[in-house]
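Undergrad: Mind looking at a prediction? Sequence and model below.
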Amino acid sequence: MSETNEVCVKTFPSRQEAEVAKNLLLAHDIVCFVSADDGGGVQPWLLISTGGARLMVSEKDAETARQILASNEA
């Protein structure tokens, strides 16, 4: 079993926005997940105090993920 380090490639103000970006990365075969301290989506106001929903990827995929996200914003 290999150990990987996950890094945050982008932070979003809502879980929904992070999930959209997650699906974009998954479509490009980049394994990722959303980390959000919002009570499983039941308490979205908690994201204000925790800094938002974080889109996490493997450290080795981080640069590619950032490029994909940036090209989608243009």
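TA: Here it is on my side, so go on. Numbers count the residues shown, from 1 in each chain.

Undergrad: After the lowest-mean-pLDDT helix or strand in the chain, which helix or strand is next?
TA: Taking mean pLDDT, DSSP states H and E as the measure, the helices and strands of the chain show their lowest mean at helix 46-50, namely a mean of 59. Read in the C-terminal direction, the helix or strand following helix 46-50 is strand 53-58, with elements assigned using DSSP states H and E.

Undergrad: who does the following helix or strand past that next one touch, helix- and strand-wise?
TA: Next in sequence after strand 53-58, counting helices and strands by DSSP H and E, comes helix 62-73. Contact analysis of helix 62-73 by 3 or more C-beta pairs under 8 Å, 6 or more residues apart in numbering; DSSP states H and E lists strand 6-12, helix 15-27, strand 53-58 as its packing neighbours. In short, each C-beta sits where N, CA and C put it, glycine included.

Undergrad: Show me which of those has the highest average neighbour count.
TA: Among the helices and strands packed on helix 62-73, ranked by average contacts under mean count of other C-beta atoms under 10 Å, first place goes to strand 53-58 (a mean of 21).

Undergrad: Give me the contact list for that one.
TA: Contacts to strand 53-58, defined as C-beta atoms under 8 Å, 6 or more residues apart in numbering, come from residues 4-15, 17-18, 21-22, 25, 30-36, 38, 47, 65, 69.

Undergrad: If we use 6 Å, what do you get?
TA: Contacts to strand 53-58, defined as C-beta atoms under 6 Å, 6 or more residues apart in numbering, come from residues 4, 6, 8-12, 15, 18, 21, 30, 32-36, 65.

Undergrad: Next: stretch 66-74.
TA: The list of residues contacting stretch 66-74 from outside it, by C-beta under 6 Å, 6+ apart, reads 9-10, 24, 28.
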